[in-house]
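**Q** Provided below for reference: sequence and predicted model.
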Amino acid sequence: MYKESDTLELKQEFTLDIKKEIIAFANTKGGTLYIGIDDDGNVIGVDAPDRICERVSSMIHDGIKPDVSMFTDIVSEKTEGKSVVKICVQRGTKRPYYLSDKGLKSSGVYIRLGNTSIPATENAIRTMIGDTDDASYEKKRSINQQLTFDAAEVEFKKQKIDFGKAQQKTLGIMDSDGLFTNLGLLLSDQCQHSIKAAVFKGQEKDEFLTRKEFGGSLFLQLTDAYSFIDLNNQLNSTFEGLTRIDSRDYSESAIREALLNAIIHRDYSFSGSTLVSVFSDRLEIVSLGGLVPGLEPEDIFEGISQTRNTGLANIFYRLKYVEVYGTGIRKIRKECETFGVTASFHITNAAFRIVIPNRHTAALAAPELDVQLSSALQYIRAHTSATRKEVQEALGIKQTKCGLILKDLENRGLIIRTGSGKATGYSAKR
């Protein structure tokens, strides 16, 4: 027999009002809502339970803010031979949750009192904000406690590190009560986040050539995403005399560092996927979450590190995926410069995008060159190689200006500097 309480709500049929009940559970201490059972506890059942599950999921995504979907579990099940929909809601970490169309005010925020969901007072809303401002996603309890760690166990075994319950508590995979945390969820085979990877024809997202989605443990996602990029990291061959020189579009080391940066530093409180996009002229990796509050873009280029996911970063460090905190961005830049291209970084409040140019298309394209840059490049290509003085005289410009132009072309990966001092020369990139 079912009876409504502070953690149980019964609904005979689907209505949009169940958003209030879900919000109230997420804001208070969690609970379960059944659709297909009336107020007296009689099982009525519902038609098309799978369709109702889809409507509930869509309603939660569109009608409740912040995103509470990761704290809800929606299933259809049989009770007394009839189909009902069961919605399990865990207390969320981003309280207060509210109706999207009402906003963060009493008419949009609900809490559970007894067997009723009521509007929260302004004082209750302020308290919830204060309680969760400093909440760490990875330290919160996972809504899924049925976790397995096949992929993680392989990684720990490689480094000869124990992975028992004591070690899991020390690492933050389990809390002091022996419950799995969200950090545990991220490393588990049931990780709900993913990496979406795609190869596009040309330089725009107009036409897919292939696309994949990688799930499971973050360890497995890292391996799968790297293999995907590696498969599309084309090998090009040139000849110097009779000698064949093979080179790939992208630095393997830069790819590795960029993927690690995206996985370790992204904000997992967002439910979206990390994106990997391979274009004809570049590789882009986009992770959700901008910089940690208090950091500026200039700070990360100087190696200043403030990790959003401290536990996750620590585990990747212990497993020797990373050597020293805060060096990833500088490594990406250095590896790309060695490859003759310049990586760029685009940061917003909600995302971090790394762009690595394709060394071969960069060498051919010479994008966005002004007249003097184009003239200098054409002169060097026409003469195979040239000195600074030769380029200066050909363009009729001053020494300082010529030096800046050559440096710009070098940074773009269009020319290569050889020699030193008076013997310094410049040749066009093949």
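**A** Now that the structure is in, tell me what you want to look at. Everything numeric here is computed off the predicted structure, so don't read it as measured data.
**Q** stretch 72-82 - what's its average pLDDT?
**A** Per-region confidence: stretch 72-82 scores 95 on mean pLDDT.
**Q** please renumber so the chain begins at 620
**A** Sounds good: first residue 620 from here, last item stretch 691-701.
**Q** with just CA atoms, put it into PDB.
**A** What follows is the C-alpha trace of stretch 691-701 in PDB, where atoms were taken according to Å, rounded to 0.1, in the frame of the first residue of the first chain:
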ATOM      1  CA  THR A 691      16.800  12.200 -11.300                       C
ATOM      2  CA  ASP A 692      16.100   8.600 -12.500                       C
ATOM      3  CA  ILE A 693      13.000   7.900 -14.500                       C
ATOM      4  CA  VAL A 694      11.800   4.400 -15.200                       C
ATOM      5  CA  SER A 695       8.600   2.500 -16.000                       C
ATOM      6  CA  GLU A 696       7.800  -0.600 -14.000                       C
ATOM      7  CA  LYS A 697       5.000  -3.100 -13.400                       C
ATOM      8  CA  THR A 698       3.000  -2.900 -10.100                       C
ATOM      9  CA  GLU A 699       0.100  -5.200  -9.500                       C
ATOM     10  CA  GLY A 700       0.300  -6.100 -13.200                       C
ATOM     11  CA  LYS A 701      -0.100  -2.500 -14.300                       C
END
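**Q** list the buried residues in that stretch.
**A** For stretch 691-701, burial by neighbour count (16 or more other CB atoms under 10 Å) applies to 691, 693, 695. (Each C-beta comes from the backbone N, C-alpha and C, glycine too.)
**Q** out of these, list just those in strands.
**A** Judged by DSSP state E, the subset of the buried residues of stretch 691-701 located in strands is 691, 693, 695.
**Q** you'd agree the last one is up against residue 676?
**A** No - judged on CB atoms under 8 Å, residue 695 makes no contact with residue 676 at a distance of 11.9 Å.
**Q** ok, back up a step: which one among the ones in strands among the buried residues of stretch 691-701 gets closest to residue 976?
**A** When those are compared for distance to residue 976 (CB to CB), residue 691 comes out closest, at 41.7 Å.
**Q** who are the contact partners of the spatially closest residue to that closest one that is not a sequence neighbour?
**A** When the adjacent residues along the chain are set aside, residue 691 lies closest to residue 708, with 5.3 Å between them (CB to CB, 6 or more residues apart in numbering). With contacts defined as CB atoms under 8 Å, 6 or more residues apart in numbering, residue 708 is in contact with 641, 644-645, 649-652, 687, 690-691.
**Q** ok, now how distant is residue 708 from residue 729?
**A** Here residue 708 is placed at a distance of 12 Å from residue 729 (CB to CB, to the nearest Å).
**Q** for residue 1046, same thing?
**A** For residue 1046, the distance to residue 729 (CB to CB) stands at 69 Å.
**Q** neighbour count winner among those two?
**A** When residue 1046 is set against residue 729 and neighbours are counted by other CB atoms under 10 Å, the residue ahead is residue 729, at 27 against 15.
**Q** make sure that one is indeed in a helix.
**A** No - counting by DSSP: H, G, I helix; E, B strand; the rest coil, residue 729 is not part of a helix but strand.
**Q** show me the contacts for it.
**A** Contacts of residue 729 (CB under 8 Å, 6+ apart): 639-640, 642-643, 646, 736-739.
**Q** give me that answer again for 10 Å
**A** With contact set as CB atoms under 10 Å, 6 or more residues apart in numbering, residue 729 has these partners: 638-647, 715-718, 721, 735-739.
**Q** so which of the residues you listed are in helices?
**A** If you go by DSSP state H, the contacts of residue 729 have 638-646 in helices.
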